[in-house]
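Give me the fold of what follows.
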Amino acid sequence: MKKIIAGLVAIAAATGFAFADINLSFYNKLYEEDALVDHYDDDGTGDSDTKTNVPGLKERMYAEVTSGKVDAMVKATVALDDHDDKHFGLQGELNDWYIEFRPFSILAFGMHTGIFSDGSLLPVYDDNLYAGNIGSEGFTVSITPIEALRIGVTTPFSFDGDYSNGAVNYLNGNEDDGEDENFNIGVGAIFTHDLFEATLSIQDILDSDERQIGAYLLAPGLFGVYEPLTVGAGFAHAWGYKGAFSDLISVGHVEAGLGYENLLSAWAAIEFEKFSLTAEVLYNLGGDDEWVKAMGYNPLTYDSEDGFFGYDFYTGASISFGLVENLTATVTGKVLLDTTSSSKGGAETMLFGEFAVDYDINDNNTIGAAFDLGTCDKDWAIAVPVYWKYHF
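Take a look at the predicted model:
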């Protein structure tokens, strides 16, 4: 595979179609990650149950090519799994992709291009908050008038042929079902300096029900004061209720996230040669009453256990340390809390713990295994993810 890809790059470089500074990244990951055991508490009904599961086997490929004129990436997964405890089948998913074309050094056109602020990162969860994105899953035009500044204008829409609400960005302000729909457009800017990165994004400017603004700051080396430490922080305000991932904690059926109208976020990472510590936090300033009201319920009578967006506080931390040469151990913990509920009882605290080891066989091959435990009141789930990854 490596020789084939290298050959294709060499052929392109030998033609007039080639671009300067071509770089190729690739990985092939064979893994399983699903829960082995799910325990459902009876909750006073007498229906307590423990279910076992044979995890599905997944194969993921990722390839990204960057050059002076064109960047492109694709990530896809094929899964072999049982769908009713008897019948196994193959299923594929296109996880992510993008194409960006730069006819001039200061101008770029992108499809399905996420341009995220580093300050919006959740390093333990391993993804960025969407409010820190000056691009979108639709079409984006960005300009770089000076080296430190990137300005994006984007129009979100779907590429999967889905015509459901939000998948089509209507120009004429009206959907097929007759409901009013404003044209969706977003703008944003990322300013990068040696000591910091600052980002401002405004999404869905014309629609007061969907508009969102995000502001984020990154301080690598703590503004140059202490090189091993990087800190990021931000704030997002949504005119309509938004969700900050539905699976901040996810092991089997023990899965939840949080929603917000006003969201504070922060993260920090400190790295040394044999040790690193990473932590992140999210806090919904309005509590879960925002979600209850947005869904049309009475906050005084609604039982927030019926909706995972009852959570308003999340934090996660991860510690990695080198055991011996090429062998790394990582301990991760996460907590989801309902700290401000005025509804009956509130959502039960959700906890997650993981111990993982990763071994670099050589420069191109890595294997790893982990033990995951998720709990919520008397419900719990266990997973034992394992993987082999070929990368270059």
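
ok, longest strand in the protein?
strand 88-104 (DSSP state E).

Just checking: what are the partner strands of it?
Here strand 88-104 has these sheet partners by DSSP bridges: strand 70-82 (antiparallel), strand 107-111 (antiparallel).

what is the mean pLDDT for the shortest one?
Averaging pLDDT along strand 107-111 yields 97.

burial count for the spatially closest residue to Leu90 that is not a sequence neighbour?
Spatially, and ignoring its direct neighbours in sequence, Leu90 is nearest to Leu80 (5.6 Å; CB to CB, 6 or more residues apart in numbering). Quick note: C-beta positions are derived from backbone N, CA and C, even for glycine. Using other CB atoms under 10 Å, Leu80 is surrounded by 13 other residues.

Is Leu80 in contact with Leu57, as I believe?
Yes. Counting by CB atoms under 8 Å, Leu80 touches Leu57, with 4.7 Å between them.

since we're on the residue nearest to Leu129 when sequence neighbours are not counted, how many residues are nearby?
The shortest distance from Leu129 to any non-neighbouring residue, by CB to CB, 6+ apart, is to Ser120 (4.4 Å). Counted with other CB under 10 Å, residues neighbouring Ser120 total 26.

State the distance from Ser120 to Gly186.
Distance of Ser120 to Gly186, given as CB to CB, to the nearest Å: 14 Å.

And the strands in the stretch 51-200 of the chain?
For the stretch 51-200 of the chain, applying DSSP state E, counting those that start in this stretch gives strands covering 57-66, 70-82, 88-104, 107-111, 121-122, 127-128, 139-146, 149-155, 186-192, 197-203.

partners of the fifth one in the sheet?
Just to be clear, that refers to strand 121-122. Strand 121-122 is paired, per DSSP bridges, with strand 127-128 (antiparallel).

hang on, Gly221 packs against Glu227?
Yes. Using CB under 8 Å, Gly221 is in contact with Glu227, at 4.5 Å.

From the neighbour counts alone, determine which of these two ranks first.
Per other CB under 10 Å, whichever of Gly221 and Glu227 has more neighbours is Gly221, with 15 against 10.

so how far is stretch 225-237 off the chain centroid?
Centroid separation between stretch 225-237 and its chain, computed with CA atoms, centre = their mean, to the nearest Å, is 18 Å.

Of all the residues in that stretch, which ones are buried?
229-237 (16 or more other CB atoms under 10 Å).

now the helices for the protein?
Using DSSP state H, the helices of the chain run over 2-13, 221-224, 289-294.

which residues does the closest residue to Val70 other than its chain neighbours contact?
Distance criterion CB to CB, 6+ apart; nearest residue to Val70, sequence neighbours excluded, is Phe101 at 5.4 Å. Listed by CB atoms under 8 Å, 6 or more residues apart in numbering, the contact set of Phe101 reads 69-70, 108-110.

What is the nearest of those to Gly161?
Gly110 (20.1 Å; CB to CB).

tell me, how many neighbours does Tyr314 end up with?
Tyr314 has 26 nearby residues by other CB under 10 Å.
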